[in-house]
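Trainee: Structure for the following, please:
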Amino acid sequence: MRQMTRAISLIPLIAILGSCEIYEQAEMKHRVKARVTGVLEGSRTGGGKPKVTQQTAICRWYADKAFISDYQELDKASDSYDRWRRQGGIYRELTSFEITTVEILEESQPKTALVSGTINGKPFQMKVPDGQPISWVKKRRR
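Mentor: The predicted model follows:
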C-alpha cells in the first residue's frame, strides 16, 4: 500500500518534468527562429560595407551573440559569414525569406535545430547549433 502511495505521489512530479521539457523545446524553437530571422534580415542588403544590422547578423550567425567585442574574432566571423552567404547563394541577393519549420534534433551536442523554409522562393535547410555558426544542410542553388 505504501509503495502504491509513493508511486501515485510521483505522478505530478513526472507531469511537471515532462511539461518543463516541452517548454524548453518551445523556447529553443522560438530562440532559433528569432536568430535565423535576424541573420537573414541583416543579410537582405547583400555585399558591401556592413551596416549595423549586418554586423548584428554576423554576430548572431557566428555565435548567437548581439555583439563580438574582440576584433580578431569579429574579423574571422565576418569572413566566415561571407563564405556562408556565398555557399547559400545569398551574398548578392536576398529579397525575401520565410521560415516554415524549426525542428530540435534530439541528442545533439550542442543543442541543434534544423530550420527549413524558402529564400527568394527557393527551399533551404540550415543546421543551427546553439552558440556556434549556422551551416547549410545542402548547398543552395542560385
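Trainee: List the first helix or strand encountered after the lowest-mean-pLDDT helix or strand in the chain toward the C-terminus.
Mentor: Ranked by mean pLDDT, DSSP states H and E, the weakest helix or strand in the chain is helix 2-43, scoring a mean of 74. Going down the chain from helix 2-43, the next helix or strand is helix 52-63, by DSSP states H and E.
Trainee: Now find how far off-centre that following helix is within its chain.
Mentor: 12 Å (Cα atoms, centre = their mean, to the nearest Å).
Trainee: and if you look at stretch 81-94?
Mentor: The answer for stretch 81-94 is 16 Å, by Cα atoms, centre = their mean.
Trainee: From start to finish, how long is that stretch in a straight line?
Mentor: Stretch 81-94 stretches 14 Å from its first residue to its last (Cα to Cα, to the nearest Å).
Trainee: Quick check: which ranges of this structure have low pLDDT?
Mentor: For the chain, the stretches with pLDDT under 70 are 1-19, 45-52, 139-142.
Trainee: at 90 what do you get?
Mentor: Regions of the chain meeting the criterion pLDDT under 90 cover residues 1-26, 41-55, 91-96, 106-108, 138-142.
Trainee: tally of neighbours for Asn120?
Mentor: For Asn120, the neighbour count with other Cβ atoms under 10 Å is 14. Just so you know, the C-beta spots here come from the backbone N, C-alpha and C atoms, and that holds for glycine as well.
Trainee: Please enumerate residues in contact with stretch 58-71?
Mentor: 35, 38-39, 42, 50, 56, 74, 77-78, 80-81, 84, 130-134 (Cβ atoms under 8 Å, 6 or more residues apart in numbering).
Trainee: Just the buried residues of it, please?
Mentor: Ile58, Cys59, Arg60, Trp61, Tyr62, Asp64, Ile68 (16 or more other Cβ atoms under 10 Å).
Trainee: Nearest to Lys29 among those?
Mentor: Relative to Lys29, the closest of the buried residues of stretch 58-71 is Asp64; by Cβ to Cβ it sits at 14.2 Å.
Trainee: From Ser96, how far off is that closest one?
Mentor: Distance, Asp64 to Ser96, using Cβ to Cβ, to the nearest Å: 24 Å.
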